[in-house]
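> Got a sequence here, can you build the structure:
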Amino acid sequence: MSNYKTQLEDYVKAIDQINRLHLNANNVYIIHYSCESFKDKALPKIIAIALRNLETGQTHCFSISKCAAIMNIPKEKIEDSYQQIEIQLLNDYFDFLQARQTCTFLHWHMTNDKFGFQAIEYRFKHLGGKPILINDDNKINLARLLTKIFGYENRDKLKIDILAELNYKPRSDYLDGKAEALAFMYKNYDDITASTQLKTLIFATILHKLRTDDLITEIKIKWYQKRFAMKFIKRVLDNPIVSSIITLVSIAVTVLGIYYTILQ
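This is a model prediction of the structure:
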């Protein structure tokens, strides 16, 4: 029973958070980035960072290929000037953040110094830059919201590659982790950038489908029956009449408890 209660609490909090994101959509950015493999590198090179505004869909992308073009560096010379280009990329990214420090940033597992906001900050410090820090309270992990809604036991069915396949088509520009590593090896920076931008759109689609209850998953029907029960309970509790009755009953129980205590 306690486990079900915890799941219900997690579900209610996650749904409320999703609703708050949409109410403040103009100040919400969906962020994703790509880098070289972080398994073998302490501070992997950044390839592209994309930020999509939840309200307008306007996407800002800071990428090696775009910065190289602006700096008049031909594609065949990018590798020779990579550090110089990367510094410009990160300067542009942190300038963008500086004007939006109070915004909310929705991400997918960007949670540590291997892959995340901190990893980007460390990379910029390594290159001699001074990063703009975003308060942790302004970062929301979409993957964590999904596990709160569908249950931790279903986490293997909530991976981005699976959800992208089920909920967003066509997706010819989409690269999974292995494909990204291969693209980096062959210096296909444009392909990686396109995939990074596409993933912010996929995350926006997932968030929208969570709100409208249209998200397609591989989770068995039994869980959906359980979730339906949680949704029903939440709607009942959200009803102002029911809430008032519960409050009055709670007050009555408290008063009676005090009354009987005094009598004893």
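> Which of the residues in the helix or strand hosting Arg211 are classified as buried?
Element membership for Arg211 (DSSP states H and E) is helix 189-212. Across helix 189-212, burial judged by 16 or more other C-beta atoms under 10 Å covers 189, 191-207, 209-210. Bear in mind the C-beta positions are built from the backbone N, C-alpha and C, glycine included.
> And stretch 165-179, by the same measure?
Quick answer for stretch 165-179 (16+ other C-beta under 10 Å): Asn167, Tyr168, Tyr174, Leu175.
> doesn't Ile192 make contact with the third one?
No. Distance between Tyr174 and Ile192: 11.3 Å, which falls outside the contact criterion (C-beta atoms under 8 Å).
> Name the nearest of the buried residues of stretch 165-179 relative to Ile85.
Distances from Ile85 to the buried residues of stretch 165-179, taken as C-beta to C-beta, are shortest for Leu175 (20.6 Å).
> residues in contact with the nearest residue to the closest one once chain neighbours are set aside?
Nearest residue to Leu175 in three dimensions, chain neighbours excluded: Ser195, at 3.9 Å (C-beta to C-beta, 6 or more residues apart in numbering). Contact partners of Ser195, counting by C-beta atoms under 8 Å, 6 or more residues apart in numbering, are Ser34, Asp173, Tyr174, Leu175, Ala179, Glu180, Ala183.
> so which strand or helix has the fifth one?
This means Ala179. Going by DSSP H and E, Ala179 is part of helix 177-185.
> contacts for that helix?
Applying C-beta under 8 Å, 6+ apart, the set of residues contacting helix 177-185 is Ser34, Glu36, Ser37, Ile47, Leu175, Tyr189, Asp191, Ile192, Ser195.
> correct me, but Ile64 touches Tyr189?
Yes. Ile64 lies in contact with Tyr189 (C-beta under 8 Å); the separation is 4.9 Å.
> what is in contact with these two at once?
Common neighbours of Ile64 and Tyr189 (C-beta under 8 Å, 6+ apart) are Ile47, Ala48, Ile78.
> now, which of those sits nearest Met71?
Looking across those and measuring by C-beta to C-beta, the closest to Met71 is Ile78, at 9.8 Å.
> Let me see the ranges of the helices in the stretch 101-250 of the chain.
Taking DSSP state H, counting those that start in this stretch, the helices of the stretch 101-250 of the chain run over residues 117-126, 142-150, 160-167, 177-185, 189-212, 221-238, 240-263.
> elements contacting the third one?
So the one you mean is helix 160-167. Secondary-structure packing of helix 160-167 (3 or more C-beta pairs under 8 Å, 6 or more residues apart in numbering; DSSP states H and E): helix 189-212.
> As PDB, could you dump the C-alpha coordinates of the helix it packs on?
What follows is helix 189-212, C-alpha atoms only, in PDB (Å, rounded to 0.1, in the frame of the first residue of the first chain):
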ATOM      1  CA  TYR A 189      29.400  17.300 -37.900                       C
ATOM      2  CA  ASP A 190      26.300  18.500 -39.900                       C
ATOM      3  CA  ASP A 191      24.600  15.100 -39.300                       C
ATOM      4  CA  ILE A 192      25.300  15.300 -35.600                       C
ATOM      5  CA  THR A 193      24.000  18.800 -35.400                       C
ATOM      6  CA  ALA A 194      20.800  17.900 -37.300                       C
ATOM      7  CA  SER A 195      20.200  14.900 -34.900                       C
ATOM      8  CA  THR A 196      20.800  17.100 -31.800                       C
ATOM      9  CA  GLN A 197      18.200  19.600 -33.000                       C
ATOM     10  CA  LEU A 198      15.800  16.900 -33.900                       C
ATOM     11  CA  LYS A 199      16.000  15.400 -30.400                       C
ATOM     12  CA  THR A 200      14.800  18.700 -28.900                       C
ATOM     13  CA  LEU A 201      11.700  18.400 -31.100                       C
ATOM     14  CA  ILE A 202      11.200  14.800 -30.100                       C
ATOM     15  CA  PHE A 203      11.500  15.800 -26.400                       C
ATOM     16  CA  ALA A 204       8.900  18.600 -27.000                       C
ATOM     17  CA  THR A 205       6.600  16.000 -28.700                       C
ATOM     18  CA  ILE A 206       7.000  13.600 -25.700                       C
ATOM     19  CA  LEU A 207       6.200  16.400 -23.300                       C
ATOM     20  CA  HIS A 208       3.100  17.400 -25.300                       C
ATOM     21  CA  LYS A 209       1.900  13.800 -25.600                       C
ATOM     22  CA  LEU A 210       2.400  13.300 -21.800                       C
ATOM     23  CA  ARG A 211       0.100  16.300 -21.300                       C
ATOM     24  CA  THR A 212      -2.600  15.000 -23.700                       C
END
